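> One predicted model, sequence on top.
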Amino acid sequence: MLDFTQLGTLQISIDTIVQAVFYFILGIYAIFSGILYYHWTAYSTDIKMTTYTLVVYAGTTFPLFVIMGILAFIV
């Protein structure tokens, strides 16, 4: 029979959890961005619209990740 009294309690700080979640979301973002870039460049027909879409996508998501990073590591 297992004796669970010797395991103790798991003590993880909220800072560690927030940083781990930030890294997880950043990884998902990288995968999604790679898939988006591949599909958009492979199936698009207008290079001007493709460039505009990718610039707007990067321009709106990078600042959000900078803010998330500041909140995750400083606050």
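Sure, I can see it. The structure presented is a predicted model; accordingly, all values stated were derived computationally and were not measured.
> got the buried residues for stretch 51-60?
L54 (16 or more other C-beta atoms under 10 Å). (Glycine included, C-beta is placed from N, CA and C.)
> Tell me where this structure has helices.
14-43, 47-73 (DSSP state H).
> Which among those helices is found nearest to T5?
helix 14-43 (25.2 Å; C-beta to C-beta).
> Centre of the chain to the closest one, how far?
Distance of helix 14-43 from the chain centroid (C-alpha atoms, centre = their mean, to the nearest Å) equals 4 Å.
> Now do it: which elements does it pack against?
helix 47-73 (3 or more C-beta pairs under 8 Å, 6 or more residues apart in numbering; DSSP states H and E).
> Now the helix it packs on: average pLDDT?
In this model, helix 47-73 has a mean pLDDT of 90.
> Disregarding flanking residues, what is the spatial nearest neighbour of T50?
S44 (4.4 Å; C-beta to C-beta, 6 or more residues apart in numbering).
> on that earlier part again, could you dump the helices of the chain into JSON lines with distance to D3 added?
Formatted as JSON lines, those follow (distance: least, C-beta to C-beta, whole Å):
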{"stretch": "helix 14-43", "distance to D3": "28"}
{"stretch": "helix 47-73", "distance to D3": "37"}
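> re the thing from before, hang on, the residue nearest to T50 packs against Y52?
No: at 10.7 Å, S44 does not count as touching Y52 under the criterion of C-beta atoms under 8 Å.
> And for the residue most central in space within the chain, nearest residue in space, chain neighbours not counted?
The centroid of the chain falls nearest to L26 when counting by C-alpha atoms, centre = their mean (2.0 Å). Leaving aside its chain neighbours, L26 sits nearest to F65 (6.7 Å; criterion: C-beta to C-beta, 6+ apart).
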